[in-house]
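Chemist: the sequence and its predicted three-dimensional model are supplied below.
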Amino acid sequence: MDQVVQGEIKKAVEAYGTENVVVILGSPDPESAEIFAETVTVGDPTYAGPLAGVSLGVPVYHILEDQIKSEVKEEVYEEQIGLMELSLDKDGISDAMKNARGY
C-alpha cells in the first residue's frame with residue numbers, strides 16, 4: 001500500500017471516525033492482503049508511510065470475501081470482480097483476512 005493511499009485512508013478516518021470507515025482490499029494474494037490489512041489496523045509495518053506507528057483499528061475486508069460479495073449487486077460483482085474471483089486464491093486470501101482481523 002503506497003504512501004498516497006495510506007494518507008487518504010488516514011484522512012478519511014480523521015474526517016469520519018473509525019466507526020464510519022471500512023477498508024476493502026483487492027490484493028492479489030494472501031501475503032499482500034495480510035500486510036495491507038496490518039497497515040490499516042495496527043500501522044505501517046515498514047515504518048515508511050503516513051500510517052507508521054499509527055493504529056487506525058478500522059475494519060478491513062477483501063472484495064473476495066463472502067461478507068462483501070453479498071453486499072454488491074450480483075451483475076456488478078460479476079462484471080467487475082468475477083474473473084479475479086476465478087483466478088485468485090480466494091480461500092487463502094479469506095483466511096489471511098480472518099487472521100488479520102483476529103478471528
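Modeler: Good, I have the coordinates. Residues are numbered from 1 along each chain as shown.
Chemist: and the helices in this protein?
Modeler: Counting by DSSP state H, the segments of the chain that form helices are 3-16, 30-41, 66-69, 74-87, 90-101.
Chemist: so which of those helices gets nearest Gly49?
Modeler: Judged by C-beta to C-beta, the one of those that comes nearest to Gly49 is helix 3-16, at 4.1 Å. Where C-beta positions appear, they are placed from N, C-alpha and C, glycine not excepted.
Chemist: what residues sit buried inside stretch 16-24?
Modeler: Residues 21, 23 are the ones in stretch 16-24 that count as buried (16 or more other C-beta atoms under 10 Å).
Chemist: how long is it from one end to the other?
Modeler: One end of stretch 16-24 sits 16 Å from the other (C-alpha to C-alpha, to the nearest Å).
Chemist: which residue comes closest to Val72 once chain neighbours are left out?
Modeler: The shortest distance from Val72 to any non-neighbouring residue, by C-beta to C-beta, 6 or more residues apart in numbering, is to Ile81 (7.6 Å).
Chemist: show me the contacts for the one you found.
Modeler: With contact taken as C-beta atoms under 8 Å, 6 or more residues apart in numbering, Ile81 is in contact with 63-64, 69, 72.
Chemist: by neighbours, which of those wins?
Modeler: Leu64 (23 neighbours; other C-beta atoms under 10 Å).
Chemist: how close does the residue nearest to it when sequence neighbours are not counted sit to Glu71?
Modeler: In this structure, Leu64 finds its nearest non-sequential neighbour in Lys90, 4.8 Å apart by C-beta to C-beta, 6+ apart. Counting by C-beta to C-beta, to the nearest Å, the gap between Lys90 and Glu71 amounts to 16 Å.
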